[in-house]
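Enquirer: I'd like to go over a predicted model; first the sequence, then the structure.
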Amino acid sequence: MAVTFSHSLHSSTLSLLPSPSPLPRSPLTKPVRAQLKPMDHHDDLRRKFMEFPHVSSARRRLMTDLMSTMEDRLGSKLLPCTLPPDVRYFQNQGGNAEASLYIRSGEISSPIDFILGSWIHCKLPTGASLNITSMSGYLNSSTEAPNFVIELIQNSPTSLVIILDLPHRKDLVLYPDYLKTFYEDTRLDSHRQSLLNLAEVNPYTSPSLFVRSAFSPAAAILAVEAEEGRMDEILRDHVRSAALEVMGIWLDRCVEGEGREVGEKEKEELERRDKSFRRKTIEVDLASSFPMMFGEQLATRALSFIRDAFHV
């Protein structure tokens, strides 16, 4: 999910989000069918998510390659997506904001808690559009290894914020071996450094202290300013390869690697930290931004399924 975008954008952008038209009252347990398009088949819904509409072909290829690679590698470790159709794709009554969610839980014996992908498109009153594409992999407490996240946030054709990281799940000062295993030995920081070598790319500092604390020291949190053609070139020739390599590290070292045994006390600590982070993510980001775009009813329904996946 786009779990960091409201604190990764300037407040001036958020103030431009359109106010949704009120929806007729109906029980939240029932789908808001007026907002749906007739896509009840599993494959049709997955195709809708994998379309990643409203973004360039280079960005679409980046996201589809990442999702396909993750699903192919994880294979039987994942259960099918069970989200209802009106949560897998929804739009507000005015038609100026739409989104797609895709969540697959991990098989009970796997270290995967769940994977989550999403795209959000919102037309702004200025004539510009806010387009967010994101993908995350969350591990459960059977392992202490980091999670995976990539998020691309764009509110103009020439401006893009990129977040690419393996967010840590343990304190890096208290556990220096954790830092060495997942960040130093994997040379994770080299991907951030290589992207920063491009003239159009600069570090991006989120205005949120929570967001800054959530990511690792090797996180690529970057702002790209480039003309449309050059933007596509950067995505195609540089960001795509970096993202696939970071995902490869996560799959090889975090999901399939031989991690050390996690004791019961450590499991409790991991679960407490994971739950606190996920709850905070929803409270400070999605709980405020979703109602602004989709209205209270649609937002509440979508957020209830995200909370279920997050176990909060």
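Expert: Cool, the structure landed.
Enquirer: Spatially nearest residue to E228 (excluding sequence neighbours)?
Expert: The shortest distance from E228 to any residue other than its chain neighbours is 4.9 Å, reached at P157 (Cβ to Cβ, 6 or more residues apart in numbering). Glycine gets a C-beta too; all of them are placed from N, C-alpha and C.
Enquirer: ok, then the element right after the one helix or strand S68 maps to?
Expert: Assigned by DSSP states H and E, S68 belongs to helix 57-74. The element immediately downstream of helix 57-74 (helix or strand, assigned by DSSP H and E) is helix 85-88.
Enquirer: could I get that next one in CSV with only the CA atoms?
Expert: This file holds the C-alpha atoms of helix 85-88, laid out as CSV (Å, rounded to 0.1, in the frame of the first residue of the first chain):
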residue,chain,number,x,y,z
PRO,A,85,-14.0,-7.1,-5.8
ASP,A,86,-15.0,-3.7,-4.4
VAL,A,87,-11.7,-3.5,-2.4
ARG,A,88,-9.5,-4.8,-5.1
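Enquirer: Tell me which residues of that helix come out buried.
Expert: Residues 85-88 are the ones in helix 85-88 that count as buried (16 or more other Cβ atoms under 10 Å).
Enquirer: With stretch 86-106 instead?
Expert: For stretch 86-106, the neighbour count (16+ other Cβ under 10 Å) marks 86-93, 96-106 as buried.
Enquirer: and that stretch, how far out from the chain's middle?
Expert: Shown here is stretch 86-106, whose average C-alpha point lies 14 Å from the average C-alpha point of the whole chain (Cα atoms, centre = their mean, to the nearest Å).
Enquirer: switch to numbering from 270
Expert: OK, 270 is where the count begins now, so the last one is stretch 355-375.
Enquirer: distance between the ends of that stretch?
Expert: Terminal residues of stretch 355-375 lie 22 Å apart, using Cα to Cα, to the nearest Å.
Enquirer: average model confidence for that stretch?
Expert: Rounded to a whole number, the mean pLDDT of stretch 355-375 is 94.
Enquirer: mind listing what A578 touches?
Expert: Under the criterion of Cβ atoms under 8 Å, 6 or more residues apart in numbering, the contact list for A578 reads 372, 374, 383, 385.
Enquirer: What values do phi and psi take at the last one?
Expert: Comment: the main-chain dihedrals of L385 come out as phi -140, psi 130, following degrees, to the nearest 10.
Enquirer: Go ahead and confirm it touches G375.
Expert: No. When contacts are counted by Cβ atoms under 8 Å, L385 is not listed as touching G375 (11.6 Å).
Enquirer: Wasn't S485 part of a helix?
Expert: No. Counting by DSSP: H, G, I helix; E, B strand; the rest coil, S485 falls outside a helix, being coil.
Enquirer: Leaving out the residues flanking it, which one is nearest to it?
Expert: Ranked by Cβ to Cβ, 6+ apart and with sequence neighbours excluded, the top spatial neighbour of S485 is H437, at 4.9 Å.
Enquirer: Just give the number of residues close to the one you found.
Expert: 23 (other Cβ atoms under 10 Å).
Enquirer: Helix, strand, or coil at it?
Expert: The assignment at H437 comes out as coil when based on three-state DSSP.
Enquirer: Which pLDDT value does the model give R316?
Expert: On pLDDT, R316 comes in at 82.
Enquirer: quick one on the thing from earlier: was I right to think the residue nearest to E497 contacts R499?
Expert: No. With contacts defined as Cβ under 8 Å, P426 does not count as touching R499, sitting 10.8 Å away.
Enquirer: Let me know the average pLDDT across stretch 329-348.
Expert: On average, the pLDDT along stretch 329-348 is 96.
Enquirer: just the strands in the stretch 420-569 of the chain please.
Expert: Taking DSSP state E, counting those that start in this stretch as the criterion, the stretch 420-569 of the chain carries its strands at 428-434, 470-472, 489-494.
Enquirer: quick one: low-confidence ranges for the stretch 470-581 of the chain?
Expert: Segments of the stretch 470-581 of the chain classed as low confidence (criterion: pLDDT under 70) are 527-529.
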